[in-house]
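Chemist: With the sequence up front, the predicted model follows.
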Amino acid sequence: MKIYIIDDEIQAQEMLVYYLREFFPEVEILGSATNINKAGTAIFELKPDLIFLDISMPEGSGFELLEINDLTKTLVVFVTAHSEYAIQAIKKDAFDYLLKPLQINELTRVINKARKKIETFQIRDVEPLKIKIKLDGKVLLLDTAEIIYISSEGNYSTIFLNSGKTVFISKNMKKMEEEYFSGFPFFRVHQSHIININKVVKYDSATVELLNEVIIPIAKTKQEQFRFLMSQI
């Protein structure tokens with residue numbers, strides 16, 4: 001299990017690291033950050049299985065980190081001294097919630113729960129040959145290589161294919177990403193657009209041009225992650 005820690009309180013970080021190393025030597029601590037700006041890039045590159053995330057931090061809350069990063073395949077455990085955040089954390093689909101000061105029995109419960117959950121995840125970074133799209137009571141099989149990009153407007157999304165054809169689906173972008181396009185080679189570059197990285201022809205700091213000559217904007221919060229991803233191709 002690979003773990004990343006985000007907390008602006010160094011003492012809180014050190015205590016959590018101590019507990020993990022002392023009682024769970026089998027886990028791997030990838031690193032830590034004291035703010036969400038540094039953390040966003042790190043978790044994209046390191047791909048932790050589990051993140052321990054403080055909520056109240058001076059340079060941006062833990063909730064903001066969830067809004068600007070794709071963590072659909074990462075377990076997020078909020079760690080905070082403020083019990084009033086519990087309901088909000090649950091609404092954000094947090095995996096679990098721990099109160100400071102940490103109790104070893106509660107941390108043990110979370111680690112054991114995480115182990116079971118991680119076992120159900122598919123192996124990361126494996127590109128599926130086909131995407132199964134539920135459409136009008138049927139299942140549409142699309143080759144990954146046939147998909148150029150996906151765009152959404154409100155509660156509706158359109159998949160654009162190499163052939164020039166489109167597939168119209170009554171799901172918003174969040175649902176499309178969670179259900180079909182959360183892994184490589186797909187990347188959400190903008191609130192309204194997911195692209196197939198393999199279809200990129202050219203790009204700069206703010207836009208990307210795809211194989212069908214469509215130009216897609218890159219959100220500021222996604223630019224660094226996008227550049228890193230393209231550097232790996």
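Modeler: Everything's here; your move.
Chemist: so where's this structure uncertain?
Modeler: The chain contains residues with pLDDT under 70 at 60, 68-70, 72, 83-93, 120-128, 232-233.
Chemist: now the helices for it?
Modeler: Ranges of helices within the chain are 10-23, 36-46, 62-68, 86-91, 104-119, 173-179, 223-231, based on DSSP state H.
Chemist: what's next to the second one, contact-wise?
Modeler: In this case it means helix 36-46. With contacts defined as Cβ atoms under 8 Å, 6 or more residues apart in numbering, helix 36-46 is touched by 2, 4, 6, 30-31, 33, 51, 57, 59-62, 64-65, 68-69, 71, 74, 221, 224-225, 228. Where you see a C-beta, it was placed from the backbone N, CA and C, and this is true even at glycine.
Chemist: Ok, the fifth one next?
Modeler: Contacts with helix 104-119, where a contact means Cβ under 8 Å, 6+ apart, come from 1, 16, 19-20, 23-24, 27, 49-50, 75, 77, 95-96, 98-99.
Chemist: what do you get for the first one?
Modeler: For helix 10-23, the external contacting residues (Cβ under 8 Å, 6+ apart) are 3, 5, 7, 27, 29, 32, 34, 52, 54, 79, 100-102, 104, 107-108.
Chemist: Same question for the last one.
Modeler: In this structure, residues lying in contact with helix 223-231 by Cβ under 8 Å, 6+ apart are 40-41, 44-45, 187, 189, 197, 200, 203, 205-206, 208, 218.
Chemist: coming back round to it: of the helices of the chain, which approaches Thr158 most closely?
Modeler: Closest to Thr158 of the helices of the chain is helix 173-179 (Cβ to Cβ; 9.9 Å).
Chemist: pull the CA atoms of that closest one into PDB?
Modeler: Output of helix 173-179 as PDB, limited to C-alpha atoms (Å, rounded to 0.1, in the frame of the first residue of the first chain):
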ATOM      1  CA  MET A 173     -18.500  14.800 -17.400                       C
ATOM      2  CA  LYS A 174     -18.000  13.700 -13.800                       C
ATOM      3  CA  LYS A 175     -20.000  10.500 -14.400                       C
ATOM      4  CA  MET A 176     -18.200   9.900 -17.700                       C
ATOM      5  CA  GLU A 177     -14.800  10.200 -16.100                       C
ATOM      6  CA  GLU A 178     -15.700   8.000 -13.100                       C
ATOM      7  CA  GLU A 179     -17.400   5.300 -15.200                       C
END
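Chemist: Could you export the helices of the chain as a markdown table, including mean neighbour count and distance to Ile159?
Modeler: Formatted as a markdown table, these follow (neighbours: other Cβ atoms under 10 Å; distance: least, Cβ to Cβ, whole Å):
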| stretch | mean neighbour count | distance to Ile159 |
| --- | --- | --- |
| helix 10-23 | 14 | 42 |
| helix 36-46 | 18 | 24 |
| helix 62-68 | 18 | 24 |
| helix 86-91 | 14 | 29 |
| helix 104-119 | 14 | 30 |
| helix 173-179 | 17 | 8 |
| helix 223-231 | 15 | 20 |
